[in-house]
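Chemist: here you go, sequence then predicted model.
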Amino acid sequence: MITWGLPIIFVAINILFKSLFLISQPICIDEPFTIYHAQFDFFNLIQYLKNYNNPPLFEIILHFWIKLFGLSTASVRFLPTLFSSLTVFFIYRIGIKFFNNRIAFLSSALFTLSTINIYFAHDCRVYSLFVLLTTISFYLFFTLLKSKEQFSWLSVLLLSLVNLSLIYGHYFGFLVLGLEFLIILLFYLQDKAVLIRYFAGSFFILLCYIPQLLVLWGRTKTSISNGTWVKPPEGIESLYNMLWTFCNEPVPTVICILLLLAAATSYLLKKGKQIENPYSKYIILWFMVPFLFMFFISYKVPMFIDRYLVFISPAFYILLALSLSYLIKSFKPFIIGAIVLLSLFIFSTTLNPSKKRDVETAVNYIKSKKDEKTIIIGCGYDFILNFAYYYNLDHFKVKDQNFEYRELENFLAKENIHFVNTLNSNLETKINDFEKVIYLDASANFSSPNNGIKETFEKNYTFIDKTFYYELFNIYTFQVKK
């Protein structure tokens, strides 16, 4: 019951918790991009995504999911919810197989109460799949290290397929492969049974990844030369803020930091300084190496944000459980400590984390104000997908796959709706054929700095009204001068 029953119960609890507010937040941010492209035919989907930042695995899975269940918010969001909920099964299995019941239960409960993982369970993007595949990978990898001679070649193939899925799902999957290589390098260079299986699996992964190598190289060069949209870290404050993300709120964050520091101090002060269970070291490496590596490298190529680091969150919760167990050996005091820790997470968790984008309301407002004498101008251009999802889902459905957004642009243009990054003379001339222009500023200065659109409207037309929708939608209405 404990080995299989409890992790299945945890999965069910996760599905319940993460489904309660599944459709409360609007489809927004990068979700429309993912959903839109997942509608493309298989090979078109792969071809278009070569030009963007993520490999195509999640979109491929979503492609077939949409065919079965459609484009509704509940449908597309339930897929990442399922991935996130399944993750807890493997967290529990790592705990029970390589540590004990206490570690398995406490780390699984902490993950279940993690607001950041609830957030990504409600986000139709690759990140919940990334966390799931990372956790499965380490479970299989630890099993390889533990079983050695008994580890079958079928299991090696399974680990290789999971790791291959990781790097076809997200380029940071290579960090997971690098971590496993680091563990082999540090602890298993003398173990032939492990080395043979590990490098045979690695060779298989390399062969299967050859089609994506040129794409990876191109995206890496672009990120290094042009930088990323992410801001560089702000010293130790950024480290604290990331831990805050993993711990829900400031109070549990401080308590968790103190718990980790107390365990580290106790370990350093003890004679011999040996960790009896080697898998504790591997969990520490799983969390600490990406955490610090991505922090320091972000001063050169910024990448230190929650979505890129969420794959280490299972290790963080296991590490918290290990630290408490290391400090408190006796059963009853450990239970008291676990209850305190879980209470901090229970009272700080948010089952409906905000996406801070009131998209649907903003679009409905524009629909209510639009008539035949009104033209809609939106900026930035990329918001066209999110607008179309709520304006008319039939427009959002891909028709012409030879040109990425052309058919969608044509549909909206027929209704006098245009999304641009800057105004051109043809569009300015067209505006003069209408009585009113509604300008939707969807964080225009971020996507298209110094675009000058609002200033042009203020100069040439009469301002009538402004409406704001949380967190970044400014809607201006102007009277066209005749």
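Modeler: Yep, it's here. Numbers count the residues shown, from 1 in each chain.

Chemist: use CA for all of it now, contacts and neighbours both
Modeler: Fine.

Chemist: what are the ranges of the strands in the stretch 151-300 of the chain?
Modeler: For the stretch 151-300 of the chain, no strands are identified by DSSP state E, counting those that start in this stretch.

Chemist: show me where it has helices.
Modeler: Residue ranges of the helices in the stretch 151-300 of the chain, as given by DSSP state H, counting those that start in this stretch, are 153-169, 173-187, 192-226, 236-247, 250-269, 278-297.

Chemist: and the residue nearest the centre of the chain, what is it in contact with?
Modeler: By CA atoms, centre = their mean, the chain has its centre lying nearest to Tyr127, at 3.1 Å. By CA atoms under 8 Å, 6 or more residues apart in numbering, the contact list for Tyr127 reads Phe120, Arg307, Tyr308, Val310, Phe311.

Chemist: in a markdown table: the helices of the stretch 151-300 of the chain, plus mean pLDDT, distance to Thr361 and mean neighbour count.
Modeler: Below are the helices of the stretch 151-300 of the chain laid out as a markdown table (pLDDT from 0 to 100; distance: least, CA to CA, whole Å; neighbours: other CA atoms under 10 Å):
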| stretch | mean pLDDT | distance to Thr361 | mean neighbour count |
| --- | --- | --- | --- |
| helix 153-169 | 92 | 32 | 20 |
| helix 173-187 | 94 | 37 | 16 |
| helix 192-226 | 82 | 35 | 14 |
| helix 236-247 | 96 | 28 | 18 |
| helix 250-269 | 95 | 31 | 16 |
| helix 278-297 | 96 | 37 | 17 |
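
Chemist: and Asn432, which of the ones you listed is closest to it?
Modeler: helix 192-226 (38.5 Å; CA to CA).

Chemist: count the neighbours of Ser152 for me.
Modeler: Neighbours of Ser152 under the rule other CA atoms under 10 Å: 13.

Chemist: does Pro55 touch Phe172 like I think?
Modeler: No: using CA atoms under 8 Å, Pro55 is not in contact with Phe172; the gap is 10.3 Å.

Chemist: which one of those two has more residues nearby?
Modeler: Pro55 (22 against 18).

Chemist: confirm that the more buried one sits in a strand.
Modeler: No: counting by DSSP: H, G, I helix; E, B strand; the rest coil, Pro55 is not part of a strand but coil.

Chemist: now do the helices in the stretch 1-150 of the chain.
Modeler: With DSSP H, counting those that start in this stretch as the criterion, the stretch 1-150 of the chain has helices spanning 5-19, 31-38, 42-49, 57-69, 73-98, 101-112, 115-121, 127-147.

Chemist: quick one: average pLDDT of the first one?
Modeler: Across helix 5-19, pLDDT averages out at 95.

Chemist: just for the chain, where's the confidence low?
Modeler: The model of the chain has pLDDT under 70 over residues 1-3, 148-151, 222-227, 271-275, 482.

Chemist: domains for it, by residue range?
Modeler: 5-346, 359-480 (automatic domain parsing).

Chemist: nearest to Asn352, of those domains?
Modeler: domain 5-346 (5.6 Å).

Chemist: related to what we said a few turns ago, most neighbours among the contacts of Tyr127, which one?
Modeler: Phe311 leads the contacts of Tyr127 on contacts (other CA under 10 Å) with 27 neighbours.

Chemist: wait, that one sits on Val131?
Modeler: Yes: at 4.5 Å, Phe311 and Val131 qualify as touching, with contact defined as CA under 8 Å.

Chemist: so which of the helices of the stretch 151-300 of the chain is nearest Leu68?
Modeler: Among the helices of the stretch 151-300 of the chain, if distance is taken as CA to CA, the winner is helix 153-169, at 21.2 Å.

Chemist: how far does stretch 439-458 sit from the chain's center?
Modeler: 28 Å (CA atoms, centre = their mean, to the nearest Å).

Chemist: for that stretch, buried residues please.
Modeler: Using 16 or more other CA atoms under 10 Å as the burial criterion, the residues of stretch 439-458 that qualify are Tyr439, Leu440, Asp441, Ala442, Ser443, Ala444, Ser447, Asn451, Ile453, Phe457.
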